[in-house]
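A.B. asks: Here's a sequence, model it:
(4 chains)
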Amino acid sequence: MTDSCLFLSLDELAAQVPDGVSLALPKDSAGAPMAAVRALVRRGAKDLHLINVPTSGLATDILIGAGAARLVETSGVSLGEFGGAPRFNAAVKAGAVRVRDATCPAIYAGLQAAEKGLPFMPLRGVIGSDVLAFRDDWKVIDNPFAEAAEDPLLLLPAIRPEVALFHARRADRLGNVWIGVQGELAIMAHAAERTLVTVEEVVEGDLMAREESAAGTLPEVYVSAVAEAPRGAWPSGFLDLYPTDEAELADYARLARSAEGFAAYLERGCTAPAPAAGR
Amino acid sequence: MTDSCLFLSLDELAAQVPDGVSLALPKDSAGAPMAAVRALVRRGAKDLHLINVPTSGLATDILIGAGAARLVETSGVSLGEFGGAPRFNAAVKAGAVRVRDATCPAIYAGLQAAEKGLPFMPLRGVIGSDVLAFRDDWKVIDNPFAEAAEDPLLLLPAIRPEVALFHARRADRLGNVWIGVQGELAIMAHAAERTLVTVEEVVEGDLMAREESAAGTLPEVYVSAVAEAPRGAWPSGFLDLYPTDEAELADYARLARSAEGFAAYLERGCTAPAPAAGR
Amino acid sequence: MDCRPEELLIAAIARLLRGCRNIAVGVSSPIPGSAALLARAESETPLRVELLESLDGNSFTRGSVELFDRAAQGRIDAFFLGGGQIDGEANINLIGTGDYPRTAVRWPGSFGSAYLYFLVPRVILFREEHSRRVLVPKVDFVSAPGASAPEVYRRGGPTALVTGKALFRFDADRRRFRLESLHPGHDLADVLETTGFDFDHDPAPATTTGPDAATLEMIRGPVAREIAKAYPKFAARVFPSPGPG
Amino acid sequence: MDCRPEELLIAAIARLLRGCRNIAVGVSSPIPGSAALLARAESETPLRVELLESLDGNSFTRGSVELFDRAAQGRIDAFFLGGGQIDGEANINLIGTGDYPRTAVRWPGSFGSAYLYFLVPRVILFREEHSRRVLVPKVDFVSAPGASAPEVYRRGGPTALVTGKALFRFDADRRRFRLESLHPGHDLADVLETTGFDFDHDPAPATTTGPDAATLEMIRGPVAREIAKAYPKFAARVFPSPGPG
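C.D. replies: Okay, the predicted model is just below:
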C-alpha cells in the first residue's frame, strides 16, 4: 500500500484482483466500475468475497452470474427501476452464493472501524431485527456508559477489504483521484489494503496543488493503480457525465432472467471489446 | 439546529454563545476565530467549557486570561514558536481553570461519537499513560472481538459541544461554508448542537451548485449563523491568505506573562475596534 | 377536486409531513419525494428536502454515510420506508419470503431500514400495493422492527402507513395500526378483505381528503417540475403536461 | 566533513529513517523535518513525507484526523516525538513537572503522543537539550509510555533517542536505552554526567558520523529550500545561503 500508483490497462487492473480476495464495490450511483467488472469476467475471476458499499446493482449481479463470487456482503442488490437483480436472486435461491445481509450504516461502520484500525464500531438501531439475528459475527453489549440499567448496543466488527475498486471522474498522473462529494469512496479506500480505480480521464497537473481540487481528492497514498476507462461506468450512469443506458439495462434485466440469457449477454458484453464512447 | 442560517455582526455572533456553554474551537492553523474571541471578551463571556479540537493557542489563552472559561478540554495549548500559553499556564498553576487533558485522536473520537449519535467510540493506544489515569470519564473494556485472552481497549464518551465556532475562508448567502481540506471542521459542526462561523468574505452564488466547490463545503444545514470578519483569524495566520502577525504574537507572549500585562493587551486589542485589514 | 390517484397520495403524505424541518427521501420513491416537495412548497417555515436519488437534490457533501450520521444527530425529522411485507406491528421485510437465507423470493435487501427506523422520529411506511401478499399477519423476515422493548434506544419509528387504498396511523404503545381514512373509491369491506393483519377502525371511516385546487396546482406545477429531475419517467407518466418551466 | 550541529543531527536522523516509505513530521520540528526530507532525497524507493506544519506539505484532504487514521492503517512508518522530560524507559512527559494537575511548570499538553507512540513502528525521540532536567530517572507525568504490557495492543514505539550530544537506541524488551554514538565534540563522561537515567554503553562509544560532502550538499541545497517553506526562520538561521532555488 505504500508504493507509487501504477497506471494500467483495464485487463492489467483486473489482474490486480486475485481470486479469493475480498473486493469492495461502491453503490451504482457513486461510480460503479463496470468496465473493470467486465475485465474481471474476461479474466475468469473466481471465489471473490464482494463487499457492497453499502449496496450494489449490475456490478454485483454480473459477478455473481459469472460465478466470480462466493460471498456477498450487502445491504441491497437491485437494478433499481429495472427490477430485482436476477442473477443475485437466482443464486441466493439456489444457495450458490452466500449472502451476509447487512444494513447500510453497518457496512459504513465496519469500514470506518478498519479506517481507524479499530476492532469494531458501535451502531445504534438494528436490535430486534432479523438482520442482527442472522449475523453471528455481530455482537450486542450493554453500553458501559449507560445511565439506565440496561442499554443494549450493537458492535460491528471491522471490515477491511483486501481490494477496493471504483470508477471516478479523473485522476492526475501522480495517481491522485478526484472523488468529489462521494466521501464513501474515501472511507472504502482508507479501509482497504489496496485501492484500484478506473477513471474517465487522466488529467495533467496536480489535483492536490489547489485547495479547491484537493478538498475532493483521494490522495495517491491510498491508490495502488489507475486505469483510464472512458465511460467506464457504462451502462450505469455516472454523475452528470452520462445517464444510465436504459435500453442496455432493460436488455440485461430481460436476458439475465435465465442462465442462458445471461450467458448470451456476457458473450456480447464482456468478451467483446469495451463499448466505444457515444454508444 | 434546523433553522435557516442567520447573518450577524461579530458582536451579535458573540451573543449567540451564552455563558456556561461548551464551546468547540479548532486548532490555530485550521481557522482560529480570533475576531469572534475578541467579541466574546468584549461581551464579558463567562464560565465557558472550552473544547480544543484538538489543540489551541491564542484563542484559548485569551479566553482563559479574560476569565471566560471554567474548564478546558484539550490535547495542547501553546503559542507554538512564541512559547507556552502564558495565561493558560498561569491559570493551571493557580487552579483557576480545570483542565481535562486529552490526546488529539481522543478528542476527534469523542466528536465522531457525537457525530454518529453514539455513546462512545473506541480508540487504540493511550493505555498505560497518565492521560488515561486522570480521566475518570474514560473507560477501558476488554475488546469483545479479541481472539487473545485479553485485549484492553479504550472507550471515549461522546463529546457534543453546545456551540462550535471557527473561522473560514468564505460563505455564500445561503450559509454554506467553504472548509476545504479542514475536514475536522465538518466533524466539529456535525457533532455540535449549533455552529457559528466567521468568514473572510460572503460570496455570491451557491457553493453547493458545483461539485468542485461542494466537495469542500459544509452545507448550511449545520450552520446556525455567519459573521463576515475579514482577517478574522488575525493575529493568527490563515491558510495562504495571510501569515501569522509575528510582531503581534511576540507582543502578546511578552505582555501576557503577567496578569497586568495581559489586561493591558486586552484593553488595546479587544475593547478597541477590530484591526483594519493591511495592519 | 378531481385528481389522479398519485396526486391524492402526494397530498395525503404531504399532510403527514406538516411541521417537519428536514425530510429525507430514499431512492425509488417518486411519490414520497413529490409529497416532501409539496410539503416544502406549502410550509411557512424553512423545510429542507434531501432527495437521495438525485445528484444535486441533496446537501450531502461527505458521502452517503452523512445521511445516517445526520439522522443520529437529530437532523432528519421524516423518512419513508416500504416493504415487500409489512405486518400489523409495523415490522417490515425487505429481504424475501420463505425461510432465510434461501428465501423462495428474494428482494434486494434491508438497505438502511434497520437503522433509520430507530432514529428518524417520523417514518412513513408507503406501499401502493394493498393486498394480503404485502400486508401480512407476520413478516417472514424482520428487516426492521416496528416497535422495540423499552430498554432499546429508539428515537423514532413508524407513524403512518399509506397504501393505494387507505391511510393508517400507527400506535407505538399498542403496537397496532388504526385506519384513519379510506381513499376515495375504496371501502372498508375491501380494505378488511385485502389486509392480512388486524387493525382498529371506526365503523364508518373517513375518506382521505384530496388536494384542493391550490394544492393541485402546486403539485402539477413546481412539484412536478422538480421531481422530474430525479424521476423523469414517473413525472412524464403522472404529470403529462407539467406546464412551462 | 565540517558541518553545523544541526546538519549533523539532520544526517544522523535521516540514517534512522532508511527503509521508510511514509514519514510524518509533527509541528515545531524543523530538524526532524529536514531529516525526513533528506531521507526522501536519498531514498531509492518512493518515500512520502508529510509535514504537518506546512499547509501544502502534506497530503491530508479529510482534515488532521486523517493522520491518526492513517497511522492506524499502517500507512505511517515513522514519526517524531519530544518531551519536556524523557526517562530511561522512554516514557515521555509533555504535560509538566510536579504534581498533576496543578503542575509547578505546565507544558502545552500531550498532543497525539499517547496514541501515535503505540501505532507508528518507528518513533524517534528528539530533544536537543541534553541535561538531567530533560533526561530524568522517571517522568512526573506519563504522556505516553515507552513500553507496554504484552496484552496491550501496540504496533509501534520508540526506536531511538537523538539529543544534541548523543544518539541512543531503545531496546523495547529490556526497556532500556543503549548509547550508540556520541556526537563529535562530546564525551562519555559528559553524557553520563548530564543524563538522569541509566543506560547501556560501550566503554569507548563510537562517534556519530556526520554527513559526507554529497549529503551536505543535499542538506544545504534541496532540503534547505524545502524546509524553508515550513520553517523560514529556522532555515534562515541554519542555512544562511541555501543557494539559488
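
A.B. asks: For chain A, give me its nearest residue in chain C.
C.D. replies: Nearest residue of chain C to chain A: C:Gly63, at 2.8 Å (Cβ to the nearest Cβ). Heads up, the C-betas are built off the backbone N, CA and C, glycines and all.

A.B. asks: Tell me the spatial nearest neighbour of that residue, not counting adjacent residues.
C.D. replies: Of all residues not flanking C:Gly63 in the chain, A:Gly183 sits nearest, at 2.8 Å (Cβ to Cβ, 6 or more residues apart in numbering or on different chains).

A.B. asks: burial count for the one you found?
C.D. replies: Residues lying near A:Gly183 (other Cβ atoms under 10 Å in any protein chain shown) number 24.

A.B. asks: Same check on the one 10 residues further on?
C.D. replies: Counted with other Cβ under 10 Å, the burial measure for A:Glu193 works out to 16 neighbours.

A.B. asks: Was I right to think it contacts A:Glu162?
C.D. replies: Yes. Shown here, A:Glu193 and A:Glu162 form a contact pair, counting by Cβ atoms under 8 Å, at 5.1 Å.

A.B. asks: need the contact list for the nearest residue to C:Val134 once chain neighbours are set aside.
C.D. replies: In this structure, C:Val134 finds its nearest non-sequential neighbour in C:Arg127, 5.7 Å apart by Cβ to Cβ, 6+ apart. For C:Arg127, the contact set (Cβ atoms under 8 Å, 6 or more residues apart in numbering or on different chains) comprises C:Gly82, C:Gly83, C:Ile86, C:Val134, C:Leu161, C:Val162, C:Thr163.

A.B. asks: Neighbour count for the residues you listed - can I get that in CSV?
C.D. replies: Listed next are the contacts of C:Arg127 as CSV, based on neighbours: other Cβ atoms under 10 Å in any protein chain shown:
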residue, neighbour count
C:Gly82, 20
C:Gly83, 24
C:Ile86, 28
C:Val134, 20
C:Leu161, 27
C:Val162, 25
C:Thr163, 23
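
A.B. asks: circling back to that earlier point, contacts only, for the residue nearest to C:Gly63.
C.D. replies: Applying Cβ under 8 Å, 6+ apart, the residues near A:Gly183 are C:Thr61, C:Arg62, C:Gly63, C:Ser64, C:Val65, C:Glu66.

A.B. asks: and A:Pro161, which of the three is it?
C.D. replies: Three-state call for A:Pro161 (DSSP: H, G, I helix; E, B strand; the rest coil): coil.

A.B. asks: tell me the contacts of the residue nearest to it when sequence neighbours are not counted?
C.D. replies: Spatial nearest neighbour of A:Pro161, chain neighbours left out: A:Ala24 (3.8 Å); criterion: Cβ to Cβ, 6+ apart. Neighbouring residues of A:Ala24 by Cβ under 8 Å, 6+ apart: A:Ile51, A:Asn52, A:Val53, A:Leu111, A:Ile159, A:Pro161, A:Val163, A:Ala164, A:Leu165, A:Met188, A:Ala191, A:Ala192.

A.B. asks: wait, what's in contact with C:Arg154?
C.D. replies: So C:Arg154 contacts A:Gly125, C:Phe118, C:Ser148 (Cβ under 8 Å, 6+ apart).

A.B. asks: nearest residue to whatever residue of the stretch 51-200 of chain A ends up closest to chain D other than its sequence neighbours?
C.D. replies: Using Cβ to the nearest Cβ, the closest approach of the stretch 51-200 of chain A to chain D is made by A:Gly117 at 2.6 Å. Nearest non-adjacent residue to A:Gly117, counting by Cβ to Cβ, 6+ apart: D:Ala72, 2.6 Å away.
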